[in-house]
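In: prediction below, plus the sequence it came from.
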Amino acid sequence: MKLRLFALTLLALIVFSQESERNNIDPFEDINRIVFDISDDLDQAVLRPAAEFYSEYTPLYLKNGITNVFSNLSEVDTIVNQLLQGKVWYAAQDTGRFVINSTVGIAGFFDIASSAGLEKHDEDFGQTLGYWGVPSGFYLFVPFLGPTTLRDMLAKPTSWFLSGNFSVSDEEASIFLNALDVIETRERLLIAENLIVGDKYDFVRDAYLQSREYLAADGEIEDDFLTDLELDFFDEDSPENL
């Protein structure tokens, strides 16, 4: 039953995505802009100040350690999707990263694997669908989710679960872990905000769509803008991207 539901969902995704790409990538721009403006106001009033407080008063070694922990949790998502894409060598390499950092690196607090020369990679289920030719579909700006596409929105729950944050059984621990994840991610976007020029909505939309195309194609597109910005500006490990 679950397999049939997944197959039907994937089929619907392909059909709707192909139809939307024939028209406009952002057919719901008016609604998206309203949601974006409300989300941006809430971000400026609540989330951004929390991120600034975290940035100013959290010791650098602790911030780096927290970032490493969440990065280590995302390795499981990366490994699974590398296998789904047939990238066995990369999956083996990132499994080594996960084992080393989870043990010697004390639950990922220290990134020992990078120091040992094991390069980090990032994959998620949305990238896997794109890798196998599923179109991105129309653009959406979703409350508490941020910029996304139809393909990525349906794929995100899988990656959230595999990243580990949502699989924590203790409710209080899960809430704390995800809140910290959101704040840590938002803190890393503070500097990237300075790169925004022109209409903020257009900038966020175009940067997101280009970054996802870049990632799904494994970087095999020429775009100097993305190489400097996208990995910092859009972090798929978190359910909140503003």
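Out: Thanks, I have it.
In: ok, now how distant is Leu180 from Ser115?
Out: To Ser115, Leu180 is 24 Å away according to CB to CB, to the nearest Å. C-beta: built from backbone N, CA, C; applies to glycine.
In: who has more neighbours out of these two?
Out: Ranked by neighbour count (other CB atoms under 10 Å), Leu180 and Ser115 place Leu180 first, with 15 against 10.
In: show me the helices in the protein, by range?
Out: Applying DSSP state H to the chain gives helices spanning 2-22, 29-42, 48-57, 60-84, 88-103, 112-115, 125-131, 150-163, 171-188, 200-216, 224-233.
In: which one, of these, ends up nearest to Asn194?
Out: Asn194 lies closest to helix 224-233 among those, at 10.9 Å (CB to CB).
In: start to end distance for stretch 41-60?
Out: 28 Å (CA to CA, to the nearest Å).
In: most tightly packed of the helices of the chain?
Out: With neighbours defined as mean count of other CB atoms under 10 Å, the helices of the chain peak in mean count at helix 125-131, which reaches a mean of 23.
In: what's that one packed up against?
Out: Other elements packing on helix 125-131 under the criterion 3 or more CB pairs under 8 Å, 6 or more residues apart in numbering; DSSP states H and E are helix 60-84, helix 150-163, helix 200-216.
In: where does this structure have its least confident helix or strand?
Out: helix 224-233 (a mean of 47; mean pLDDT, DSSP states H and E).
In: where does this structure dip in pLDDT?
Out: Within the chain, the stretches with pLDDT under 70 are 1-23, 164-170, 219-242.
In: change it to 50
Out: Where the chain drops to pLDDT under 50, the residues are 2, 19-20, 22-23, 224-231, 236-242.
In: make a markdown table out of the helices and strands packed on helix 125-131 and add distance to Asp122.
Out: Formatted as a markdown table, these follow (distance: least, CB to CB, whole Å):
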| stretch | distance to Asp122 |
| --- | --- |
| helix 60-84 | 6 |
| helix 150-163 | 10 |
| helix 200-216 | 7 |
